[in-house]
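S.K.: Got a sequence here, can you build the structure:
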Amino acid sequence: MKRIPRLIVVLVLSGILILTGCGSEKETKAELIFRFYRSAAGDAKLMSDKILMTCINRKLISLNFQTGEVINTGIETDWLSVLPEENIVICTNHHYELAVAHMNDDGTVKSQEVVLNNDSADFMIDPAIIKIDGMYYITLTFLNGTMNASEFDAENGQYTINCYCSRDLKRIEYLSQVTTDNRNLEDVKLAYNDGKMYLVYEKETRDKSNSSIMVSVSEDKGRTWKMPQTILDCVADQEPAGLVKTEKGWNLYYSSDVANPGQSYDGAAAYIARLSEELEVEEKDIRVDLATPVTNDTETNQKGGILLYSVESFGGRTYYAYSEDHASADNLCVSASNEEKKK
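M.R.: Here you go, the predicted model:
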């Protein structure tokens with residue numbers, strides 16, 4: 001709590017620059033509008049064209065990236081997901097709780113409550129939420145054993161993704177197990193179109209090693225799921241940030257060290273993959289130039305190490321929330337472009 005006033009000063013002093021741009025077929029450009037230096041954020045999701053929800057020091061924080069205002073909600077949070085159209089945040093924490101927070105447009109909390117307690121697993125991580133025909137669908141990832149085992153001879157934990165539903169976000173009903181594996185299953189995203197629910201996630205061989213981006217599909221709103229299929233092969237450390245419907249298919253947004261093999265967060269950048277209606281890759285590794293120069297008294301440096309958290313469209317602009325120079329500085333940034341998602 002004592003850190004918040006100092007954080008406000010840092011944010012207000014951060015440069016705000018709103019420009020637009022476009023790139024070639026293999027590159028698209030977004031301009032930096034916000035940077036929070038050395039944020040130590042654990043996760044971040046875009047709620048609107050001015051509010052970014054994140055967790056710092058295990059608390060849910062609302063950042064207004066237009067004004068620099070910081071609001072510490074006091075809600076215990078380690079992982080989070082948002083439903084922007086209803087200003088809803090769901091979050092899990094190290095107390096094995098799933099909390100739902102209804103937010104006001106200015107990032108303050110309207111109401112919040114814990115709706116699920118579960119101590120059957122060692123961790124409950126990476127919540128995701130979507131609303132379909134008046135029903136909320138939530139997925140939670142449970143982990144028993146070691147999280148993020150990095151050595152190939154180390155025993156990895158068992159990851160299990162479960163699906164739930166709720167009409168009021170007060171009573172949560174278990175629906176199904178989506179998938180389970182003794183590999184890191186992380187960064188879950190949900191999407192829906194034409195009667196099908198899509199669950200996209202990263203499947204790692206080991207932490208910070210090569211990973212594939214997978215998808216599971218449900219045709220009965222989460223009651224049963226088809227066997228997971230690979231969207232992007234296990235050729236780089238790849239983390240999904242969003243699956244978005246377009247007029248011709250889908251856009252998959254992700255960060256990857258494909259241009260700097262083996263460097264993981266230190267060498268990752270943001271990318272788009274163009275997918276068909278059936279999620280077949282038509283074009284991949286279209287780089288998103290986030291244009292995040294870091295300026296000091298003597299020089300301007302381009303930072304690397306991008307971890308892409310969230311991609312959303314508001315008012316005809318595409319917004320990207322990400323950690324810059326993630327492995328060391330961990331600057332929390334937002335960039336935006338006028339590129340339409342439905343392309």
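
S.K.: which residues of the stretch 1-150 of the chain fall in helices?
M.R.: Under the criterion DSSP state H, counting those that start in this stretch, the stretch 1-150 of the chain carries helices at the ranges 4-13.

S.K.: ok, which stretches of it are strands?
M.R.: Ranges of strands within the stretch 1-150 of the chain are 27-29, 31-36, 41-46, 51-56, 59-64, 70-76, 79-83, 88-92, 97-103, 109-117, 123-132, 135-144, based on DSSP state E, counting those that start in this stretch.

S.K.: Export those strands to CSV and append columns for mean neighbour count, mean pLDDT and distance to E219.
M.R.: Where you see a C-beta, it was placed from the backbone N, CA and C, and this is true even at glycine. Below are these laid out as CSV (neighbours: other CB atoms under 10 Å; pLDDT from 0 to 100; distance: least, CB to CB, whole Å):
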stretch, mean neighbour count, mean pLDDT, distance to E219
strand 27-29, 18, 86, 32
strand 31-36, 22, 92, 39
strand 41-46, 22, 95, 27
strand 51-56, 25, 97, 31
strand 59-64, 23, 97, 34
strand 70-76, 18, 96, 35
strand 79-83, 24, 97, 22
strand 88-92, 24, 97, 24
strand 97-103, 21, 97, 26
strand 109-117, 14, 96, 26
strand 123-132, 21, 96, 12
strand 135-144, 21, 96, 14
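
S.K.: out of these, nearest to Y192?
M.R.: Closest to Y192 of these is strand 123-132 (CB to CB; 5.3 Å).

S.K.: Each with direction, which strands does the closest one pair with?
M.R.: When pairing is defined by DSSP bridges, strand 123-132 lines up against strand 135-144 (antiparallel).

S.K.: that older thread, out of the strands of the stretch 1-150 of the chain, nearest to E283?
M.R.: Evaluated over the strands of the stretch 1-150 of the chain, closeness to E283 peaks at strand 27-29, with 11.9 Å, by CB to CB.

S.K.: what distance separates that closest one from the centre of its chain?
M.R.: Mean-position distance between strand 27-29 and its chain equals 20 Å (CA atoms, centre = their mean, to the nearest Å).

S.K.: And for stretch 323-331?
M.R.: 15 Å.
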